[in-house]
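[1] Take this sequence and fold it.
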Amino acid sequence: MAKGDVSALVIATASGAPLVSERPKPIHVLCGRPMLSWVLNAVSDSGVSEAVVVTGPDGDWIAKRIMDTPPSDLTTRFLEQPRSRGNAEAALIGMSGFDEFDDEGDVLILPADMPLLTGDVLQEVLTVHRQTGSACTIACTRQPRRSGTPYVLRDRHGNAIGVTVSNDDGEAGNPVDSPVGVMVVRRGLLAPAIRRTMPDPATGRHLLRDVPGVLADSGHAVATVAVLAELFEEVDNRIQLAAAEAVLRNRINHFWMARGVTMIDPSRTIVDATVTLSTDVTLFPGVSLSGSTAIGEGCDIGPDTHLDHCTVGPRSVVRSSTGQLAAIGEQCIVGPFAALSPGAQVSDRTVTGPFYASGA
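    I've put the predicted structure just below:
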C-alpha cells in the first residue's frame, strides 16, 4: 500500500434480529446480491483497494457468502468481534487486519447496512477529507433536531468539536448536522482516540461517534461534509429492506435501458444485479431474471417469464415461460407456458410450441 492511501473498515456486526431472521443482517439479499456486497462494491468504486470487514460471531457464514462472488479490485479480509462491545471496539479489532501501518494513511469507516451507498458519494467524502487536511471528516445530513438525534457540536467559530446526542426537546426543530455513520479518520490517530473514549452510560459500550470529540480535544481538526440522506439509509427491518431493494432495482433498470435494452414497463420488470443483458433485448411486463442469467442480442423475453441462471442465445423469443439452469440456443421460440428444468438445452432454431416441458 502506498504511503497516504485509504483503507476501508466495514462494521458488519449486526445480527439478523432486527429483520426477525437467523441469517446475519449483512448477508440478506437485495437484487441478487448480499447487502454487504453492495457496500463493498461502493467502496471499490470509490477507488479504495483494501477493506477489512469486522463481523459478529457469524463471521464464517458472512465471509463465505461474500467471497462466493468477491468485489472486484478490492482486497477484503474478515475478522470477528466475539461479543458485542460497541462499534469502537470492532474498529480496534479491524485495525489489526490491515497489511501495513501507515500513520499518514486514512481509514474510511462505514457500516455494512447501507446498500444504497455509491462510489461517487464515498469519493466525495474522501475528497473533502483530503482537501481540508483534517484528522477526521464526518459525513452528515442536515435535519431538524429531535430528542435522541446525534448531532455535531461546534464552537463559537463554527468548527466541529465532537458529536453528542440530544436528550431533550428544548431546541427541537432547530436544524443540526446529524452524522450518518460514515467517517474518515487518519489511521495513526484512530486507535489512540478509540482507547480514550468513555463507555456510553446507557449501554456501557465504546462508540465511534465519540472519536471526533477525542481528536478535537487533542487539538486536531475535525471537518464535516454534507451528503444526501437517501443514499445513507440504514436497513433495520424488512420494510426498509424492501424500500432499499426498490431503489436498487430502479438503478439497475436505468443502467440497462441506457445501454440499449427496452423495458416495456420497468415497474414490472425485475433484473438482478448479477444478470447480463445484450443490446436490443426487449423485456415485456412480468419478466424476472435472476442469478447468472445472460440474454443474447436481439431477444424478446416475456411477458410473465422467469429465468434463473439461464442463457438465451441471440434473437430468441421466450414467452410466458419459466427456466432454471437451462440453456436456450440462437433464434429459438420457447413457449408460451414452457417449463425448462435444470440442465435443459434447447437447440438453435428450435420452436418448442406451447406447454413444452423439458424431459417430458
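[2] What count of nearby residues applies to the closest residue to V351 other than its chain neighbours?
    Distances taken as Cβ to Cβ, 6 or more residues apart in numbering place I333 nearest to V351, at 4.6 Å, with adjacent residues excluded. Where C-beta positions appear, they are placed from N, C-alpha and C, glycine not excepted. By the criterion of other Cβ atoms under 10 Å, I333 has 18 neighbours.
[3] how about I333, what does it touch?
    Going by Cβ atoms under 8 Å, 6 or more residues apart in numbering, I333 touches 316-317, 319, 350-352.
[4] Looking at it now. What's its pLDDT?
    We have a pLDDT of 98 for I333.
[5] what's across from it in the sheet?
    V317, V351 (DSSP bridges).
[6] Just the helices from the protein, written as ranges.
    35-45, 59-67, 87-95, 119-132, 187-195, 211-217, 238-257 (DSSP state H).
[7] Out of these, which is the most enclosed?
    Among the helices of the chain, the stretch with the highest mean neighbour count (mean count of other Cβ atoms under 10 Å) is helix 35-45, at a mean of 24.
[8] What helices and strands are in contact with that helix?
    strand 6-12, strand 50-55, helix 59-67, strand 106-111, helix 119-132 (3 or more Cβ pairs under 8 Å, 6 or more residues apart in numbering; DSSP states H and E).
[9] Kindly recompute the last result at 7 Å.
    If contacts are counted by 3 or more Cβ pairs under 7 Å, 6 or more residues apart in numbering; DSSP states H and E, helix 35-45 sits against strand 6-12, strand 50-55, helix 59-67, helix 119-132.
[10] who's in contact with the residue lying closest to L110 once chain neighbours are set aside?
    Distance criterion Cβ to Cβ, 6+ apart; nearest residue to L110, sequence neighbours excluded, is V182 at 4.5 Å. By Cβ atoms under 7 Å, 6 or more residues apart in numbering, V182 lies in contact with 109-110, 125, 139, 232.
[11] Model confidence for V182, exactly?
    pLDDT, V182: 98.
[12] and it, how far is that from S290?
    Distance of V182 to S290, given as Cβ to Cβ, to the nearest Å: 30 Å.
[13] Touching, R249 and C31? I think so.
    Yes. Between R249 and C31 a contact is recorded at 5.8 Å, counting by Cβ atoms under 7 Å.
[14] shared neighbours, these two?
    Shared contacts of R249 and C31 (Cβ under 7 Å, 6+ apart): none.
[15] hmm, back to that, out of the contacts of V182, which comes closest to F284?
    For these, the minimum distance to F284 (Cβ to Cβ) is 35.3 Å, reached by F232.
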